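Q: sequence unavailable; structure follows:
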């Protein structure tokens, strides 16, 4: 954002604080503006779930209810003041968010949608039935006035409470979304497996995004009860959850301005549509369809496009990184790394590793040993179990029997995220980049492990958080420089040509400071010139002391860079040795020529 | 004992209503990976069109079924062209949810303007006099719903397996690209699946309206519950939908009778979440291994 | 937050759809209720009743020489929408008074705004909304009701069942909304006053279509009558469910048993259902009531009014309000309120002849005397058989 624009936004945000002095009309201030602010708090949280994390929630009304009722019960029955009640509402919202988030760990699309709908309906039913606590269908009346000494937040003055809270919420969402947290959400959304293999804990971030979102919904609920000083169960219907989604989509996801515009639209539009009398719902539905049709980015998307006509973003310049190239690849230090190099010369080994899908044994009792710093190739005809082995080594698949040992320590049931953290990084046969993120962003996801400042640091944007971000960017740029993509740092990953996408995956893998990099067919689909580039890259990685497991069909490449080769056929190891021996091995030649037309001869 | 049987029968009848509507979801889900949130509204439009055909135009119950099927076909095309196709262009699940919700809002408002806002009686073709078996009393219409649901569901399953159009739908469901390479007109097959699904919804409307009353708001809740049923059963399984429907219908009746009338729906929904946590693709859904 | 585009939109929409013709300084009256969705039969009937009255008044030259302009707003039966449209009516449209709403939750969320703006609110349908209770917090109470409140209705239902028909074992079936549960509470109170505990208390939800479980429980408990509180369609499912189970006991319930969607949907199964009524279409005897029905049918081209009670109360509420404004000699809220509390001329209405309907301490117009018990029969509500 250019500085001028940023100043403009700040001035506008400050100016709106004075709305109640511009008009005293309670309809505009108390009814519309306050409600818009409260909806924005909730919808900006919903945006984290839908826009950033890519999940669906049709149950946010349930979270809103949790906050509203917690606050209402505490202020009316326990006579708590507003502030602690609001904090309790936020906590209760977060707790409910955890419940809502659990299904998201395993479900997506229509399955997740229905479980969130069920969640919302259950909450509404409980609120309606638990009469002792919630007054049931009668709802809670007599919510006390919001007066603290000389500060009076009644009537239009409520705006002076909800508007700053809305700004704070938006700021919080903005900070989370632009930090490594936001990148983790987006990475999980674009490719959950690639994100996990880049060292991001799916559990932690999927649950976090729902909890954060729910905390905001809880706050919104606690404020909501002070608008009409009444809360009843009919408010928290499935329709309300859908209305929140409509606000989000109308305004445009992943945009603070979009959140505000969307909420303004859903709050004001019904009053505008009064002119259409009995056809207002039809008009509303038609407008919604129209928006989805012509404005997939919502109102904010439209503004962004109009704005784009006048202002072109400058591509980030990568000059600063060039000097930093030598530090791009870091050798791990510490306990693990020491053990790795001391463990009898073996970095990673598999012991009788076996996996069966139904009756099909894809990998059968495989023993593999990779020494520190060596380039080890794994070859074999199509369907021989190479990629399955990679998935076993990186925790994507769980072995049926046998185990993987890294630096003397067995994996057990390690998830891809834990495998990445313990020092095994990988690329994917079918490129799995985060397509909507920038080239730089993709590498930053790989650098996720370098961020140690928690959520509080992110929210407060502490010096530490700033420093970590700055360091990571510099490091990412130098990694891009290392693979030759520094000039494209600001480009969207999906717009890169295929060969460069493969290079980007390597950069992302290197960012994880691995002990071992698993390259799954890095040369597939590349031109001869590009393959030569990969060759050099592998050589340079080896130079820096990294071990590489190379799965590849291009024999030229394999033979030129490998220290050792293991050959698989039908899931079993049929040969192992140095390149020169493998080339002469009878079984290898027959496996390739006898079973597979795209074999060694064809590739060579 | 009689009471128990009576309760079970009511649960089954209710469950079959859910299952019939849920069945329509599974057809379109397999071809487009979307759920039509307006399915309940389509049921409602079918019922009200049927009512006009049967009562105003005096075409009888068969005429009502036919008219609703016809309306269902039109709705299916509109749904696919106006809501699903544009929404699929964006990758977010929220798009198709909102697009179909929008269509549902329009449908409901249109119905309110055409047929009014009142819930009206839909004359039952076989009369309102309950039949008695073993002391259990059952309305002829309930038997008709159970029978028709069985016939429609097995008929469509048979159609999908045996006829060339049905096989095309199955092929598109399995793999769009491969189906296209085999010369199948994929967009047409997808549209066809929506026509089929919407017709089933509309015809279900005529079947259930004599039990539920017909009115502009009759479909919304039914649609939501049928959606739950479809998911619990596993979206790609006809049998699953049936089991899911019966599960929800019976759980509602039994909760209402033995636990609490206020929490009637709750155990069904809790069960839904639990089942999905254990089996993310539903009771009878097929597990897919993600290829990396 | 008045964005220019919003204003432009309003302007365009207004121009396109020909907003009401502007007579010289009309008196604006707000009308709010659900005009779409599940409870819209009541909302629309009420709105039509109000319109009918307003058109008649305007045809005769209006009030104080000024025409009435109705400003209607759909609250969609959503509480916070109700509050928002109420603020729109009071603060933007600057209405002289408001008529409505239907749903109790909407009333609870919105009554504060007319109270604070000193604009009288005449509740013409909602039975559960508090009215006289509000004096506690607002000595200057601006909320009035011209509809039978729940306490009266519940008392009459219980009295019909226990005092008149001598049932000792009654089951309560009420919907799970604010309306139904408030009714249940009041019926339980009325029963307790007679030292009777209901043998079974059950709930049902809006749009429920199967009442087997509840009716089985009631039957098992040996209920001799069902006292029901809900709205038309679900009440019909209770009547139909009893027929299905082959167990018929008398059904006495809220006035909504007179709604055409109950009578239609229950058919012969609904015959005999008894309910308190302020107005019975069939039993309309006064010339005023007969004319009202004929005019309504003509104006809105319907045979039977979806909710005759709502329509009649809407109609009367408009006339009572008009008379108060006339007497007040202006449209200032406090003046209208004072006039309402001391209405000089009796007004011969559809429901009753309203002579001093309100006083300074009692804002409930309907008292037991105005309420009759109606019985469903021959597809209509019949006046009580003597």
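A: Happy to help now that I have it. This structure is a prediction, so every number in the text was calculated from the model and none was measured.

Q: and what about the residue nearest to the spatial centre of chain C, helix, strand or coil?
A: For chain C, residue C:125 is the residue whose C-alpha lies nearest the centre (Cα atoms, centre = their mean; 1.6 Å). What DSSP: H, G, I helix; E, B strand; the rest coil gives for residue C:125 is coil.

Q: mind listing what residue 131 touches?
A: You didn't pick a chain, so chain A it is. Residue A:131 makes no contacts at all, as judged by Cβ atoms under 8 Å, 6 or more residues apart in numbering or on different chains. (Each C-beta comes from the backbone N, C-alpha and C, glycine too.)

Q: wrong one, I was asking about chain C
A: C:123, C:141, C:143, C:144, C:145, C:149, C:363, C:364.

Q: what is the nearest of these to residue C:62?
A: Nearest to residue C:62 out of the contacts of residue C:131 is residue C:144 (Cβ to Cβ; 21.9 Å).

Q: quick one: the helices in the stretch 151-292 of chain B?
A: With helices called from DSSP state H, counting those that start in this stretch, the stretch 151-292 of chain B shows them at B:164-174, B:176-181, B:186-212, B:219-233, B:238-254, B:266-278.

Q: out of these, which gets nearest to residue A:101?
A: helix B:266-278 (11.9 Å).

Q: what's in contact with that closest one?
A: Helix B:266-278 has contacts (Cβ under 8 Å, 6+ apart) with A:102-103, A:106-107, A:111, A:114-115, A:118-119, A:121-122, A:125-126, B:225, B:228, B:231-232, B:247-248, B:251-252, B:255, B:259, B:282-283.

Q: just the buried ones from those?
A: Neighbour-count burial (16 or more other Cβ atoms under 10 Å in any protein chain shown) is assigned, among those, to A:102-103, A:106-107, A:111, A:114-115, A:118-119, A:121-122, A:125-126, B:225, B:228, B:231-232, B:247-248, B:251-252, B:255, B:282-283.

Q: could you give the number of residues near the nearest residue to residue C:277 once chain neighbours are set aside?
A: Nearest non-adjacent residue to residue C:277, counting by Cβ to Cβ, 6 or more residues apart in numbering or on different chains: residue C:374, 4.1 Å away. Each residue near residue C:374 was counted by other Cβ atoms under 10 Å in any protein chain shown, and the total is 26.

Q: tell me the mean pLDDT over stretch B:225-242?
A: Averaged over stretch B:225-242, pLDDT sits at 88.

Q: quick check: residue B:96 touching residue B:34?
A: Yes - the criterion here is Cβ atoms under 8 Å, and residue B:96 meets it with residue B:34 at 4.3 Å.

Q: which PyMOL command selects the buried ones in the contacts of residue C:131?
A: The following PyMOL line selects those of the contacts of residue C:131 that are buried, judged by 16+ other Cβ under 10 Å:
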select buried, chain C and resi 123+141+143+144+145+149+363+364
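
Q: with respect to pLDDT, which of the contacts of residue C:131 ranks lowest?
A: The member of those with the lowest pLDDT is residue C:149, at 87.

Q: how much space between that residue and residue C:308?
A: Applying Cβ to Cβ, to the nearest Å, the value for residue C:149 to residue C:308 is 19 Å.

Q: what of residue A:370?
A: Distance, residue A:370 to residue C:308, by Cβ to Cβ: 86 Å.

Q: looking at these two, which is more packed in?
A: Taking neighbours as other Cβ under 10 Å, residue A:370 and residue C:308 compare with residue C:308 leading, 29 against 26.

Q: sec struct for the nearest residue to the more buried one once chain neighbours are set aside, please.
A: In this structure, residue C:308 finds its nearest non-sequential neighbour in residue C:281, 4.3 Å apart by Cβ to Cβ, 6+ apart. Per three-state DSSP, the secondary structure class of residue C:281 is coil.

Q: other SSEs contacting the helix or strand harbouring the residue nearest to residue C:277?
A: Residue C:374 is located in strand C:372-377, with elements delineated by DSSP states H and E. Contact partners of strand C:372-377 among helices and strands, from 3 or more Cβ pairs under 8 Å, 6 or more residues apart in numbering or on different chains; DSSP states H and E: helix C:260-266, strand C:274-277, strand C:380-382.
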